[in-house]
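Q: Here is a sequence together with a model predicted from it:
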Amino acid sequence: MPLLHRRGLAASWRNLVCRIICIQTFAALYFFLFPAASFCAAQQLPENARAMAEQARSEFARGHWDEAASAYEKAAALAPHDANLRIALGLALAKAGRPTDAIASYAAALEISPRNSAAEIDLAEAYRAVHNNDAARRLLELSAREHPKLPAPLAVLGDLDIELQTYEAAIKHLSAALALDPANNETRDRLALAYKAKGDAAAALAQLSKSLAHDPNDALAHFLRAQIYDDRNQDDRALPEAEKVLALQPQNLPGRAILGKILLRVSESASPADATALCTRAAAVLKPLADAQPGDSETLFILARAYRCAGNADDADKTLAAFESASKTLRASKENQNQALHLVHQANDRALQNDFPGALDLLRQALEKYPDYDAAYSQLAKLYYSAGDIDRASDAITRALELSPYQPDFLYVQGKIFEKQGKLDEALSDFQRATLVNPKESDAYFEIGAIYQQKNDPASAKAAYKKAIELSPDDADYRRALASLSTAAAPPP
């Protein structure tokens, strides 16, 4: 079992659980956008590169990400030593949904301009986009040490801490960022969010008051205040905050959810006439939310209550039926996912015992319960590969990558399959993408070295083997591979 022997499944399970139990914040921290600013030295570019860069910026401004990326690539080829072009290219690639290419572009910028804070921050954000939070944290911490007077690395670190629910660290990093840039409302709002999540509502409110004193139209600050007052059942304070959110951002779905909830609760203590008006308004606020999220049982339940309170019995009954159906579907989906997870664990145990028929049967059962289970398809690919059924292995890993395009283990498996099929260029591309997503993928570097060795490129093979050894110094296979290059290069006696 060459593939299962080299690649364990523990990392796959951890990554799967992280994806299933995902953490969502109210907004992502994407305010360090700098392509225009980065071209403050554009006049130093050669004329043809400058013209191409201007075209790229024009395409970027119109939201034509692919066209912008193409133009930036051409500009970078004409001015290969300009780090700003590489950074701008990375941003366009990230916007175009090509995070691994963006990672490569930011890394190239850092090769040209080490300690470039803009490249470091954007590279960290690209790592976050492919779920490599460890690499993002390491890079941001390095950037913060290198640039102690810059707030940006600390602010992004704080946002990452919130995502990972490490709120004490978030408070520490965001407070440090604010000390360097006290007027930054986005950082202050996230500090308030960290305090709120930690359970310190008073500290959160103090920060939000400062944000709103600086910008009365700060929608996130109003939203967070509405949440805090709502949690305290202080409707007289929560309602105007929620109203303000919707006035500022009519398409804000979380804002609609909290406003509808507060209106419904206020109606409970209002006069009959006022209650009907409040509930009618709550239904009008919540209906677009239910339309946008038709399977959200919580929204459907509150909307049904609003219809009932407003005297609209028919819509209340229909919405309640939809709520019951959505709740049933959600319960069944969660149960099926849990059962599928258990079945794939069992399949892994069977595979390690060389019981391939039993493992395959368990994986098929898992996929019947949870057809979009990416790790199940990856494990299926490994089993087929080990059994020599390369076509089925290829189909399975293709499906896994459709579901999770940037999972390094999946990229590695597909690389092994391409390698087995003799498609060395495709295999090399996948192994390289695996190392871009996770720079600690020593196995992928080893395979890169092996492919370069087959391609008669000993210099590249040597560099890849050395990187594998650097990451895993105790691996005997890596050391033997590197030694084989030296032996092959040695002149005959």
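A: The structure has been received and is ready for your questions. Not measured: the values here are computed from a predicted model.
Q: And the average pLDDT for the helix or strand hosting K74 is what?
A: In the assignment (DSSP states H and E), K74 maps to helix 65-78. Here helix 65-78 scores 97 as its mean pLDDT.
Q: Next, give phi and psi for P153.
A: With angles defined as degrees, to the nearest 10, P153 sits at phi -60, psi -40.
Q: Correction: the previous question concerned Q293.
A: Taking degrees, to the nearest 10 as the convention, Q293 sits at phi -130, psi 70.
Q: ok, back up a step: follow the chain on from the helix holding K74 and name the next helix or strand.
A: Immediately after helix 65-78, counting by DSSP H and E, sits helix 83-95.
Q: what angle separates that following helix from helix 65-78?
A: Counting by axes from the mean of the first three to the mean of the last three CA atoms, to 10 degrees, helix 83-95 points 160 degrees away from the direction of helix 65-78.
Q: Report all helices and strands that the very next helix or strand once past helix 83-95 contacts.
A: Later in the chain than helix 83-95, the nearest helix or strand by DSSP H and E is helix 99-112. If contacts are counted by 3 or more CB pairs under 8 Å, 6 or more residues apart in numbering; DSSP states H and E, helix 99-112 sits against helix 83-95, helix 117-129, helix 424-437. All C-beta spots, glycine's among them, are computed from the backbone N, C-alpha and C.
Q: Mind listing what's buried along the next helix or strand after the longest one?
A: Okay, so that is helix 424-437. Moving toward the C-terminus from helix 424-437, the first helix or strand encountered (DSSP H and E) is helix 442-454. Neighbour counts over helix 442-454 (16 or more other CB atoms under 10 Å) mark S442, D443, A444, Y445, F446, E447, I448, G449, A450, I451, Y452, Q453 as buried.
Q: The last one and A459 touch, don't they?
A: The one in question is Q453. No - the criterion here is CB atoms under 8 Å, and Q453 misses it with A459 at 10.7 Å.
Q: Tabulate the CA atom coordinates of the helix holding K74 in CSV.
A: What follows is helix 65-78, C-alpha atoms only, in CSV (Å, rounded to 0.1, in the frame of the first residue of the first chain):
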residue,chain,number,x,y,z
TRP,A,65,-10.4,40.0,-12.1
ASP,A,66,-9.2,37.5,-14.7
GLU,A,67,-8.4,40.3,-17.2
ALA,A,68,-6.6,42.3,-14.5
ALA,A,69,-4.5,39.2,-13.5
SER,A,70,-3.6,38.6,-17.2
ALA,A,71,-2.5,42.2,-17.6
TYR,A,72,-0.5,42.2,-14.4
GLU,A,73,1.2,38.9,-15.4
LYS,A,74,2.4,40.6,-18.6
ALA,A,75,3.5,43.7,-16.7
ALA,A,76,5.4,41.5,-14.2
ALA,A,77,7.1,39.6,-17.1
LEU,A,78,8.3,43.0,-18.5
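Q: distance of P216 from N185?
A: 11 Å (CB to CB, to the nearest Å).
Q: Would you mind getting the angle between the helix or strand hosting A51 and helix 65-78?
A: Element membership for A51 (DSSP H and E) is helix 47-61. Here helix 47-61 runs at an angle of 160 degrees relative to helix 65-78 (the same axes, to 10 degrees).
Q: Just name whatever secondary elements helix 47-61 is in contact with.
A: Contact here means 3+ CB pairs under 8 Å, 6+ apart; on that basis helix 47-61 packs against helix 65-78, helix 83-95.
Q: Out of those helices, which gets nearest to I103?
A: Nearest to I103, of all these, is helix 83-95, at 7.7 Å by CB to CB.
Q: roughly how far is the closest one from the heart of the chain?
A: For helix 83-95, the distance from its own C-alpha centre to the chain's C-alpha centre is 18 Å (CA atoms, centre = their mean, to the nearest Å).
Q: what's the burial count for K423?
A: For K423, the neighbour count with other CB atoms under 10 Å is 14.
Q: Return the distance of it relative to A257.
A: Applying CB to CB to K423 and A257 gives a distance of 49 Å.
Q: shaky segments in this structure?
A: Applying pLDDT under 70 to the chain flags residues 1-43, 488-493.
Q: Point to the residue nearest the middle of it.
A: What sits nearest the mean C-alpha location of the chain, by CA atoms, centre = their mean, is A129, with 3.6 Å.
Q: Count the neighbours of the closest residue to that residue other than its chain neighbours for me.
A: Of all residues not flanking A129 in the chain, P99 sits nearest, at 4.3 Å (CB to CB, 6 or more residues apart in numbering). Neighbour count of P99, defined by other CB under 10 Å: 23.
Q: wait, doesn't P99 sit right on A126?
A: Yes - in this structure P99 lies within contact range of A126 using CB under 8 Å: 5.2 Å.
Q: Can you get me the centre-to-centre distance for whichever strand or helix holds L278 and its chain?
A: When elements are assigned from DSSP H and E, L278 belongs to helix 272-292. Chain-centre distance of helix 272-292: 34 Å, with CA atoms, centre = their mean.
Q: and the next element down the chain from it?
A: Next in line after helix 272-292, if elements are assigned by DSSP H and E, sits helix 297-309.
Q: Could you list the buried residues of stretch 381-394?
A: Buried residues in stretch 381-394, counting neighbours by 16+ other CB under 10 Å, are found at A381, K382, L383, Y384, Y385, S386, I390, R392, A393, S394.
Q: Helix, strand or coil: sort out L150 for me.
A: Assigned by DSSP: H, G, I helix; E, B strand; the rest coil, the conformation of L150 is coil.
Q: list the contacts for it?
A: Going by CB atoms under 8 Å, 6 or more residues apart in numbering, L150 touches S117, S143, A144, L180.
Q: can you pull the contacts of the second one?
A: Looking back up the chat, that one is S143. Applying CB under 8 Å, 6+ apart to S143 gives the contacts S117, E120, I121, A124, L150, A152, P153.
Q: repeat that for 10 Å
A: 115-121, 123-124, 150, 152-154, 156-157 (CB atoms under 10 Å, 6 or more residues apart in numbering).
Q: By neighbour count, which of these wins?
A: The most crowded member of these, judged by other CB under 10 Å, is V156 (29 neighbours).
Q: That one and Y127 touch, don't they?
A: No - the pair V156 and Y127 does not pass the contact test of CB atoms under 10 Å, sitting 11.0 Å apart.
Q: what is in contact with those two at once?
A: Common neighbours of V156 and Y127 (criterion: CB under 10 Å, 6+ apart): A136, R137, L139, L140.
Q: Just the element for the last one, please.
A: In this structure, L140 is located in helix 133-146 according to DSSP H and E.
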